[in-house]
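**Q** need a structure here:
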Amino acid sequence: MPECRGCGVNSRRIWCEICDIVVPHITGQDSNMIESPAAVEHTRHELGHPDTRPNRIWSAIRKLDSSEAEWAMDARPGNSITRIGGDPPEWEIDDEDQAIMDSGSIRHASTARLRRLQRGGILPDGSHLSWTDGRFHLDGIPLDVPYHGLRKMMRRTRGIQNVDWKKLLLSVSLACTKHQTRRELRAGQHGRQTTIHPAAMMRLDGDPRRVPHFMRAMGLPRWGPPIERSRYRPDWFKGASWMDAWDSLRPLDVNDMDDMMIPMALYIKDGHLQLRVRRNRGWRRLELESHPVVWSLLVSWSLAPPRSDSHQRLRCLQQSLFADTEIDLISKEERNGIRMLRGIVQDNDNVDVDRANGGFIVKGTSGARYRVVPGVGGHNTRFVVNGIGHESGQRPARERNAPPGWHRGRNSLCIVESRELRRLVIGDALSSITLSLLDDLKSQQYIDTLRGYIREVTPRTVDPQVAAVRQAENLRFRLRNNLAEYRTRRYTVLFPQLWGVMLRCPLGERMTFTAMRRGHPNVAFDGCETAFATEGQLERNVIYQMLEASGWQRDHHEERVRRTQRIYIRTGTGLQDLGNRVEEFAGMLEPALTVNQRVRLVANPVWSYFERNNPGTGALLPGTDQRLD
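**A** Numbering: from 1, shown residues only. Now for the predicted structure:
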């Protein structure tokens, strides 16, 4: 049986299921994208066995006998354009221009310099390149340009006249475009180094029938947000070797989704074109030699289909040619860490591999279950721990009460790596957190988030009587906050109580009726503690009618003395039979107690809740000498 290329154990597959999960977070690349020693040796032989110094490798690439760079060396003069102001000058930038572009700000740049950059210049192939407010445009097409390297090449006297600069710069910009799925955005460190193949994204974006299905399969919105859509057209790259390779393939389908996820290779950083490679001390980004052949070859390899020989050559270059041959892609310490994690998974029935989410399912001694996924978590930890419920089926309350579309990833537990744990390789770190979660009842003593989570998901036995009381309280709460019940009580209880106070106040009593203030009473009496808060103009109009019917009048003199508007004084007691007046202002409240013009909230008419026989002055009724709400 063959051995796993990661941990070295016997496995039916090239990579065992443990390495399939952990290795991408060690190397920054999916395990199926890691090339075999035979493929690496073949690529090294093609390049003439250069040593690991970058300048030697760039020189070997430049001298490579390959037709894959010819598409960029076949310049075709652009269409001549007659300009009123004359032809722009040849494209060039100086040190001050570079400083402005590096800073990304035009705040301190002179107007004349900004105008010159905006006007731009002509490249040797006739295409027009300009820069405006942090963005390059090539014949009107926005793109990213490694301007430091381009400036170096424009200073050359040979080898730049026959270059198709437009196609080359557009291809460079496309190769450096990053497209991520939501799944990869949540994958942490590994996710930041992977992308949907930009050439595949461009081709799919040109086929409206396939885009929605592919976007849904990749975990993206149906048509993708603007940053996820390709802004390039396939016809711009007609004749490029990498484009011909795509044209020779069958149309893409959603089943090709996994093959379209590739490691990032080329980057444009501060105007420099960089290649991500593995060095003796880890992964680094090296600036490419400023030569059109080097750029065109690496771009061709990067944009070629993932399973092509060209793309395989690029992966071999990235993974092995810049590091000493005796240095393995996975170090001895990393292998030992993976073996330790494998032993924990195999020897414990409470740990399972979660292939769907790329992690491990752990059941603690408390019965709580956790999902451990390698990746960048809170406080820059190298793993993310999510609580996924209890073995009894109890789920976290946050998840049970969650609205539709709520993502379970939000139920992550904050677990901080100690300094000692950070010194360990990722396999040892995953082993340590897995062991802690297996004995979570003990671990909760020093991991506070575990204590709260265990308490939340552990089923509790509730006394039936206590449950009945809680249910009754919940119903009363819901009743108090029911809009229909609130309005019914207000117009059939509170307003009749206020009406009774108006009828019983003595002659000469004053009442203040100020403007409405939300949550504060605006009706108050001098001789009692009754207070009331109106809500809306309807209620104010009803109270005006109530005051007039019960013998209250405006006291303008007192208003001037108190410097307060709307002060009323009771000068009479009104009619003995107030039935008609009551029906008049109570009728104003009837529509508020009727839903959809057909359903009434109360059975009796509103006037039946108000006193219609004038009781005259006297003591206030119980429960009315207070704030009415």
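**Q** can I see the domain layout of the protein?
**A** Here the domain parsing of the chain from automatic domain parsing is 35-68+173-321, 332-457, 483-609.
**Q** next, format these as a markdown table and append mean pLDDT.
**A** Below are the domains of the chain laid out as a markdown table (pLDDT from 0 to 100):
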| stretch | mean pLDDT |
| --- | --- |
| domain 35-68+173-321 | 79 |
| domain 332-457 | 81 |
| domain 483-609 | 92 |
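**Q** and the ones you listed as CSV, adding mean neighbour count and distance to Pro622?
**A** Just so you know, the C-beta spots here come from the backbone N, C-alpha and C atoms, and that holds for glycine as well. Compiled in CSV, these are given as follows (neighbours: other CB atoms under 10 Å; distance: least, CB to CB, whole Å):
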stretch, mean neighbour count, distance to Pro622
domain 35-68+173-321, 18, 63
domain 332-457, 17, 42
domain 483-609, 16, 10
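**Q** distance to Pro142 for those domains - can I get that in a markdown table?
**A** Shown next, in a markdown table, are the domains of the chain (distance: least, CB to CB, whole Å):
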| stretch | distance to Pro142 |
| --- | --- |
| domain 35-68+173-321 | 7 |
| domain 332-457 | 31 |
| domain 483-609 | 51 |
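**Q** which one of these lies closest to Ile141?
**A** When the domains of the chain are ranked by distance to Ile141, counting by CB to CB, first place goes to domain 35-68+173-321 at 7.8 Å.
**Q** returning to that earlier point: nearest to Cys16, of the domains of the chain?
**A** With CB to CB as the criterion, Cys16 lies closest to domain 332-457 of the domains of the chain, at 7.6 Å.
**Q** so how far is the first residue of the closest one from its last?
**A** Between the start and the finish of domain 332-457 there is a gap of 40 Å, counting by CA to CA, to the nearest Å.
**Q** starting at the chain centroid, how far to it?
**A** Its chain's C-alpha centre and that of domain 332-457 lie 23 Å apart, by CA atoms, centre = their mean, to the nearest Å.
**Q** just stretch 18-37 next, same as before
**A** Counting by CA atoms, centre = their mean, stretch 18-37 comes out at 26 Å from the chain centroid.
**Q** closest to Met154 out of the domains of the chain?
**A** When the domains of the chain are compared by CB to CB, domain 35-68+173-321 sits nearest Met154, at 9.6 Å.
**Q** any idea how far apart the tips of that closest one sit?
**A** 12 Å.
**Q** cool, stretch 574-583 as well?
**A** This stretch, stretch 574-583, spans 15 Å end to end (CA to CA).
**Q** next one: stretch 513-528
**A** Using CA to CA, the span of stretch 513-528 from its first residue to its last is 15 Å.
**Q** contacts for it, please.
**A** Residues outside stretch 513-528 that contact it (CB atoms under 8 Å, 6 or more residues apart in numbering) are 498, 501, 505-506, 509-512, 530-536, 540, 543, 547, 564-568, 620, 625, 627.
**Q** inside strands: which ones of those?
**A** When the contacts of stretch 513-528 are checked against strands using DSSP state E, the ones located there are Arg510, Met511, Thr512, Ala531, Phe532, Ile567, Tyr568.
**Q** what's near enough to touch the spatially closest residue to Leu170 that is not a sequence neighbour?
**A** Nearest residue to Leu170, sequence neighbours excluded (CB to CB, 6 or more residues apart in numbering): Trp236, at 5.6 Å. When contacts are counted by CB under 8 Å, 6+ apart, Trp236 touches Ile141, Lys167, Leu170.
**Q** need those residues in a markdown table (columns: secondary structure and pLDDT).
**A** Listed next are the contacts of Trp236 as a markdown table, based on DSSP: H, G, I helix; E, B strand; the rest coil; pLDDT from 0 to 100:
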| residue | secondary structure | pLDDT |
| --- | --- | --- |
| Ile141 | strand | 91 |
| Lys167 | helix | 92 |
| Leu170 | helix | 93 |
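**Q** from those, which single one is nearest Val293?
**A** Closest to Val293, out of all of these and judged by CB to CB, is Lys167, at 14.2 Å.
**Q** mind giving me the packing neighbours of the helix or strand harbouring Arg115?
**A** Using DSSP states H and E, Arg115 sits in helix 111-119. For helix 111-119, the contact count by 3 or more CB pairs under 8 Å, 6 or more residues apart in numbering; DSSP states H and E identifies helix 95-103, strand 128-132 as packing neighbours.
**Q** how about the ones you listed, which one is nearest Ile21?
**A** Minimum separation from Ile21 across those (CB to CB) falls at helix 95-103, 39.9 Å.
**Q** quick check: mean pLDDT of the closest one?
**A** Helix 95-103 carries an average pLDDT of 89.
**Q** buried ones in that helix?
**A** Asp97, Ile100, Met101 (16 or more other CB atoms under 10 Å).
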